[in-house]
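Participant: Quick one, structure for this:
(chains A and B)
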Amino acid sequence: MSIANYLYLSAILFTIGAIGVVVRRNAIVVFMCIELMLNAANLAFVTFARINGNLEGQVVAFFTMVVAACEVVVGLAIIVTIYRSRRSASVDDASLLKR
Amino acid sequence: MLQTSANLVWFIALPLFSSALLLLAGKRANSWGHVLATTVSASTFTIGVIEFLAMQARPEENRAVGQKLFTWISVGSFNVDASLLLDQLSICFVLLITGVGTLIHVYSISYMSHDLDRRRFFAYLNLFIAAMLLLVLGDSYLNLYVGWEGVGLASYLLIGFWNQKPAYATAAKKAFVANRVGDVGLSLAIMIAFATFGDVTFSGIKEQTDSASTTQLTAIGLMLLLAACGKSAQFPLQSWLGDAMAGPTPVSALIHAATMVTAGVYLITRSSFIFDEAPIAQLMVLIVGAVTLLFGAIIGTAKDDIKKALAASTMSQIGYMILATGLGPIGYAFAIMHLLTHGFFKASMFLGAGSVMHGMKDEVNMRKYGGIGKFMPITALTFGLGYLAIIGVPPFAGFYSKDKIIETAFNAGGIKGIALGVATLLGAAITAFYMTRVVILTFFGNERWGHKDEPHESPALMLIPIALLSLGSIASGFLLYQGKRLVYWLEPVVNPLKEHHAKELFSHTTVSIMTLTVVAIGVSLAVSKYRGDQSDKAPEKVSMLTAAARKDLYQDSLNESAFMRPGQSLIKKLLQIDLIVIDGLVRSVGSVSISAGTKLRSLQSGYVRSYALMMVIGALALIATVWIVTA
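Facilitator: Down below sits the predicted model:
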């Protein structure tokens, strides 16, 4: 099996994630799509590390996981807070910045 | 090397400080303001006398003294110090300004005693003294310019002193605007001088005149002449002087007769090194002087307002001085001599006119005077002395100074000499005519004032200054002329003895006889015309020349049609351009920004998803660009 297939998978996952962020309104789903994009990137890193025969890409993947973990903590906290105050998890309802 | 004298700064500092104090102290200074101002003026005169005596005691080559106050401008190779220079020429002016100025301060104490604003009046007078002294003491054109503007300001403030009357405020504005025209000439002259010589001090330019071309010197000379025309009310900028009589009479005597209006003569004399090398500019000076002396004299014959008649006479007499300065080295000394004697007799006559007005409830129309001589004998006597001086009867002051100008004019050589000589002689005849008219209408003939109150003689505080000035109009001419005293005195500054006339057209005696003859003709014409009872109304059917002279020979109408109206329409058009083009540009910048903002605002929906979409599109566009560029 060609190693390029991993890159195709990564691209497909990233595209699914990006489309999900743009079209879905539910904040939790948007959040999951972002995670999907991050992991698509991770997959690409690991694949490139394999192609080049070194460990740097894999190290970056670990860093990404750590950052993603932190992001989940902050992001979920924000979503929960918004849900508590507005009784809704729709990202379109939270469009106060334009006013 | 110029000796220094630490006294010079006080000439300017004292009156300037006193003026500021009087203006800032407000009503608190009402009770003592006039005393302070007069004391300060008297002290500057004292310093002037001390400096004069010290100067006389020194040998001729180092009579001039200077004082550097501070470095004013220091930019690269361009350095201007605020420095003062007191030489043989400036000391004449210093003594005239402070001497006559002090007498007029004393006179004003009484003349202005009923005015609520007397303190402000004295503050302005001191401001004038400070500015005028700076004008004559500055050692460079730039320092002179500061004083030049200062006297313009003081003149404006004092002409419009009673600015509650709109006509007076307009007169002040008119004087200011006419003076500005001249000031532009002076600033242009300074700029050309700096471009040519890289220096603006008198001594620096004097050393370098050889290195400049005649064209450059002519340009500087013509611009200086324009400046002199503005300040000294010479043709074609003379029209402001008549209206300037709106100011209180002491102001007319000090600023618009004795001192400020002679600043143009000072400027030309001070710039002798430029005019001597620029024949065309010098010829223009002669023409301006000759035209103005006749112009002023003709206007003087038709004016019924005593102050305006005297103002026209001032214009004409300054025309004589300007003409004399155009006659080359020998003329400068006679111009200054006439300036000094004129300062005495014209100031004394103006103060006399003020005294008459004081006794006549501020009436200025001579047609409403008549027979005042027997009510105001001292005023009449002193005015008479001034009259004898101005028409040039020996041994009074004007006889010496004016005859020398006429003689020098005749001896200028060729057709020029004859033309100038005839003009000056004609001027002398007309002067005799209109001054006789003033004297007869005011002091003799039937009483025409039309009310029961008899005129009363003025208080001593007013009469003493007039009397002292009349002493000057009796003796100053003889004293200055005796043994060519003033000529020798001024020689180091203007080199009056450098040029010697090989052939004289008329001798001194011939000129005197001719002058006295035309003066006698002028006087007898006036006596025969104005003898006996006069009407208190001006005749309405008059010759064209009289009608023109009453309207200042239409100079105002000319100025209005040639400069004011075209200027106004030009400004209207410029305003249109400003409104349409400039404002249009600015406004369109604003409206384009606003409409662009309105359109762009719709992008900021506030929806996170649309921002995310934009990021995606942006990232894709970036990748596509990189791909295209690298492929």
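
Participant: which stretches of the chain have low pLDDT?
Facilitator: Just going to use chain A. Within chain A, the stretches with pLDDT under 70 are A:97-99.

Participant: actually chain B
Facilitator: Those would be B:1, B:496-504, if you go by pLDDT under 70 across chain B.

Participant: So which residues on it come close to chain A?
Facilitator: B:604, B:605, B:606, B:607, B:608, B:609, B:612, B:613, B:616 (CB under 8 Å from any CB of the partner chain). Just so you know, the C-beta spots here come from the backbone N, C-alpha and C atoms, and that holds for glycine as well.

Participant: and the helix or strand that contains residue A:46, what does it pack onto?
Facilitator: Using DSSP states H and E, residue A:46 sits in helix A:27-52. Judged by 3 or more CB pairs under 8 Å, 6 or more residues apart in numbering or on different chains; DSSP states H and E, the packing partners of helix A:27-52 are helix A:4-23, helix A:56-86.

Participant: Would you tell me which one of the residues of chain B next to chain A comes nearest to residue A:65?
Facilitator: The nearest member of the residues of chain B next to chain A to residue A:65, counting by CB to CB, is residue B:612 at 22.4 Å.

Participant: quick one on the thing from earlier: so how far is the helix holding residue A:46 off the chain centroid?
Facilitator: Centroid separation for helix A:27-52 versus its chain: 6 Å, with CA atoms, centre = their mean, to the nearest Å.

Participant: Show me which residues of it are buried.
Facilitator: By 16 or more other CB atoms under 10 Å in any protein chain shown, the buried positions in helix A:27-52 come out as A:27, A:30-31, A:33-34, A:36-49.

Participant: go on, stretch B:270-282?
Facilitator: Quick answer for stretch B:270-282 (16+ other CB under 10 Å): B:270, B:271, B:272, B:273, B:274, B:275, B:276, B:277, B:278, B:281, B:282.

Participant: Just the residues contacting it, thanks.
Facilitator: B:89, B:144, B:202, B:205-206, B:209, B:212, B:214, B:217-218, B:220-222, B:224-225, B:268, B:285, B:325-326, B:328-329, B:332, B:493-495 (CB atoms under 8 Å, 6 or more residues apart in numbering or on different chains).

Participant: Of those, which belong to helices?
Facilitator: B:89, B:144, B:202, B:205-206, B:214, B:217-218, B:220-222, B:224-225, B:268, B:285, B:325, B:329, B:332, B:493-494 (DSSP state H).

Participant: Show me how to select, in PyMOL, the buried members of these.
Facilitator: Here is the PyMOL selection string for the buried members of these, based on 16+ other CB under 10 Å:
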select buried, chain B and resi 89+144+202+205+217+218+220+221+222+224+225+268+285+325+329+332+493+494
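
Participant: measure the nearest residue to residue B:399 once chain neighbours are set aside to chain A for me?
Facilitator: Among residues not flanking residue B:399 along the chain, residue B:392 sits closest, at 4.5 Å (CB to CB, 6 or more residues apart in numbering or on different chains). Residue B:392 sits at a distance of 93 Å from chain A (criterion: CB to the nearest CB, to the nearest Å).

Participant: Share the number of residues neighbouring residue B:392, please.
Facilitator: 24 (other CB atoms under 10 Å in any protein chain shown).

Participant: Same question for residue B:577.
Facilitator: When counting by other CB under 10 Å, one arrives at 12 neighbours for residue B:577.

Participant: Report the secondary structure state of it.
Facilitator: Here residue B:577 takes the helix state, with states given by DSSP: H, G, I helix; E, B strand; the rest coil.

Participant: What distance do you get for it to chain A?
Facilitator: From residue B:577 to chain A the distance is 43 Å (CB to the nearest CB).

Participant: Just confirm yes or no for stretch A:80-88 near chain B.
Facilitator: No: counting by CB under 8 Å from any CB, chain B is not contacted by stretch A:80-88; separation bottoms out at 11.3 Å.

Participant: Now that stretch: buried residues?
Facilitator: For stretch A:80-88, burial by neighbour count (16+ other CB under 10 Å) applies to residue A:82.

Participant: Show the residue spans covered by the strands in chain B.
Facilitator: Ranges of strands in chain B, per DSSP state E, are B:3-4, B:65-75, B:78-86.

Participant: out of those strands, deepest packed?
Facilitator: Neighbour counts (mean count of other CB atoms under 10 Å in any protein chain shown) averaged over each of the strands of chain B peak at strand B:78-86, with a mean of 20.

Participant: okay, the angle between that strand and strand B:65-75?
Facilitator: Comparing the axes of strand B:78-86 and strand B:65-75 via axes from the mean of the first three to the mean of the last three CA atoms, to 10 degrees yields an angle of 160 degrees.

Participant: re the thing from before, quick one: which of the residues of chain B next to chain A is nearest residue A:10?
Facilitator: residue B:616 (16.4 Å).

Participant: so who does the closest one touch?
Facilitator: Listed by CB under 8 Å, 6+ apart, the contact set of residue B:616 reads A:18, A:22.

Participant: now the one residue in chain B that gets nearest to chain A: how far from residue A:74?
Facilitator: Closest residue of chain B to chain A, CB to the nearest CB: residue B:606 (3.1 Å). Using CB to CB, to the nearest Å, residue B:606 is found at 21 Å from residue A:74.

Participant: Same question for residue B:367.
Facilitator: For residue B:367 relative to residue A:74 (CB to CB), the value is 102 Å.

Participant: Can you pick out the residue with more neighbours from these two?
Facilitator: Neighbour totals were compared for residue B:367 and residue A:74, and residue B:367 leads with 17 against 9 (other CB under 10 Å).

Participant: you'd agree the more buried one is up against residue B:535?
Facilitator: Yes: using CB atoms under 8 Å, residue B:367 is in contact with residue B:535, at 7.2 Å.

Participant: Give the residues shared as contacts by the two.
Facilitator: With CB under 8 Å, 6+ apart, residue B:367 and residue B:535 have common neighbours residue B:448.

Participant: dump the residue contacts of residue B:525.
Facilitator: By CB under 8 Å, 6+ apart, residue B:525 lies in contact with residue B:433.

Participant: ok, now residue B:477?
Facilitator: Counted by CB under 8 Å, 6+ apart, residue B:477 has contacts B:337, B:341, B:389, B:395, B:396, B:397, B:398, B:399, B:400, B:401.

Participant: Can you pick out the most distant pair from those residues?
Facilitator: Maximum distance among the contacts of residue B:477 (CB to CB): 14.7 Å, for B:337 and B:395.

Participant: For residue B:571, give its distance to residue B:185.
Facilitator: In terms of CB to CB, residue B:571 sits 22 Å off from residue B:185.

Participant: ok, those two, which is more surrounded?
Facilitator: Legend: neighbour count by other CB under 10 Å for residue B:571 and residue B:185, higher for residue B:185 (21 against 11).

Participant: Quick check: the more buried one touching residue B:221?
Facilitator: No: using CB under 8 Å as the test, residue B:185 is too far from residue B:221 to be in contact (10.7 Å).

Participant: nearest spatial neighbour of residue B:135, skipping sequence neighbours?
Facilitator: Distances taken as CB to CB, 6+ apart place residue B:147 nearest to residue B:135, at 3.0 Å, with adjacent residues excluded.
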